[in-house]
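S.K.: what follows is a predicted protein model with its sequence.
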Amino acid sequence: ISSSKASSSRFDPDFGTATQAIRAIKAGVISSRELTKHVFRRIKKHNEKINAFVTLNEEQALKRACKADNSLATGKLWGPLHGLPILVKDQFLTAALRTTCGFPELADYIPQENAVAVGRLLAAGAIIVGKTNTPIGASDIQTYNKITGTTNNPWDVSKTSGGSTGGGAAALAAGMGFLELGADLAGSIRTPSNFCGVCGHKPSLHV
């Protein structure tokens, strides 16, 4: 899932697109660390009402962002997502970062390895800001579980964000990240993207 705001010649750290953010980092308009800190400031300001996140990764994200900046300064590019702050649905394993998938039994589960998709995003240079909320088992068209509670629609917090990638869609719509790794079997990316007004894509298998 990604922000679908129109592009502009001047990068907007609140609602700029992922492509614009990457270009701004590479061009030195903003550092990865500055942009990551900005994302966390927005999370602290807006997440209380929206409740999009299960777990934040602030300390490690800022350390990795600093390394991304140092690497870029020496001319070394990690990959196409170099230094970009992203979000990961709490369905995907993240090494040393809590993964619950909404199950109370997994409230304190910390995996030792990354899911394949997470590993590929990290290899491409991304910075994981945190894990976003999902219904239990990622199997509902709303986003609620007993660990984190309900994720609200950022346009109207009395309404649902959809599901099951509701935390990610709500966070992106509120400018709390630039890309979300979601998952979709029967609309789990497409439904919350529609409800929250962002762009969600379910890729075809084996293509």
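M.R.: Sure thing, it's come through.

S.K.: so which residue is smack in the middle of the chain?
M.R.: Leu87 (1.6 Å; CA atoms, centre = their mean).

S.K.: continuing past the helix or strand harbouring that one, what's the next helix or strand?
M.R.: If you go by DSSP states H and E, Leu87 is part of strand 85-89. Sequence-wise, the next helix or strand downstream of strand 85-89 (DSSP H and E) is helix 116-123.

S.K.: who's in contact with that following helix?
M.R.: Helix 116-123 has contacts (CB atoms under 8 Å, 6 or more residues apart in numbering) with Trp78, Gly79, Leu81, Ile86, Val88, Phe92, Leu93, Thr94, Asn114, Ile128, Leu181. Yep, even glycine has a C-beta here, placed from its N, CA and C like the rest.

S.K.: and the residue sitting furthest away from the middle of the chain, what does it touch?
M.R.: Residue farthest from the centre of the chain, counting by CA atoms, centre = their mean, is Thr74 at 27.5 Å. For Thr74, the contact set (CB under 8 Å, 6+ apart) is empty.

S.K.: phi, psi for it please.
M.R.: As for Thr74, its main-chain torsions (degrees, to the nearest 10) stand at phi -100, psi 10.

S.K.: which stretches of the protein aren't confidently modelled?
M.R.: Within the chain, the segments meeting pLDDT under 70 span 2-9.
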